[in-house]
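Student: Pasting a predicted model and its sequence here:
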Amino acid sequence: MDSSMQNKVRVRFIIVLILFFHFLVGSLRAEDALKIVYNADVAPLKFEDESGRAAGLFPDIWQLWAKKTGKTINFIRTDSFNESLELVKNGQADLHAGLFKTAEREKFLAYSHPILYLDYFIFSHPMIRPISSLEKTSGLIVGISKGGFTEKYVRQRGSE
């Protein structure tokens, strides 16, 4: 084989290698995408926009993190908080978009340092006596989102 033919073979071999590694790296990136689960009923923290995409404070934080780190993320929407926990628990999701730390969840979740601190407030009608603490809600009708940490917390410490 003459030298020009050898050069052509080398160039073709290099092109094939480059294409092979390009597709290999591309497929690894898709597999390496972090799967982040969220329950879409906690606006303004987590919800879906008009196009059905993850929206809210927590998805915004994760999208900014992905942009800064160059990591790829995929959001997985669930209809309930318990379903979102199950996806993390059984390995179908890598991360939860955001949740409260509890002793029960520490049995199957590893927590980072907090990325956001939230304060909750009690809102009442002005005709009702001032409410300075959760314990002062005893005997009152209290409305709260069903099924989450806050419901459990209120039931344990406040009104029934």
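Tutor: That came in fine, so what should we check first? Residues are numbered from 1 along each chain as shown.
Student: Pull the contacting residues for the residue most central in space within the chain.
Tutor: Nearest residue to the geometric centre of the chain (CA atoms, centre = their mean): residue 97, 1.6 Å. If you count contacts by CB atoms under 8 Å, 6 or more residues apart in numbering, residue 97 has them with 36, 37, 38, 46, 54, 58, 59, 62, 75. (Each C-beta comes from the backbone N, C-alpha and C, glycine too.)
Student: mind redoing it with 6 Å?
Tutor: 36, 38, 46, 58 (CB atoms under 6 Å, 6 or more residues apart in numbering).
Student: Tell me, how many residues neighbour residue 69?
Tutor: By other CB atoms under 10 Å, the residues close to residue 69 number 10.
Student: Pop out the phi and psi values for it.
Tutor: phi -100, psi -10 (degrees, to the nearest 10).
Student: for the one 5 residues further on, same thing?
Tutor: Geometry field for residue 74 lists phi and psi as phi -130, psi 130, criterion degrees, to the nearest 10.
Student: residue ranges for the strands of the protein, please.
Tutor: 34-39, 47-48, 54-55, 73-78, 95-96 (DSSP state E).
Student: related to what we said a few turns ago, looking at the contacts of residue 97, which two lie furthest apart in space?
Tutor: Farthest apart among these by CB to CB are 36 and 46. That separation is 10.2 Å.
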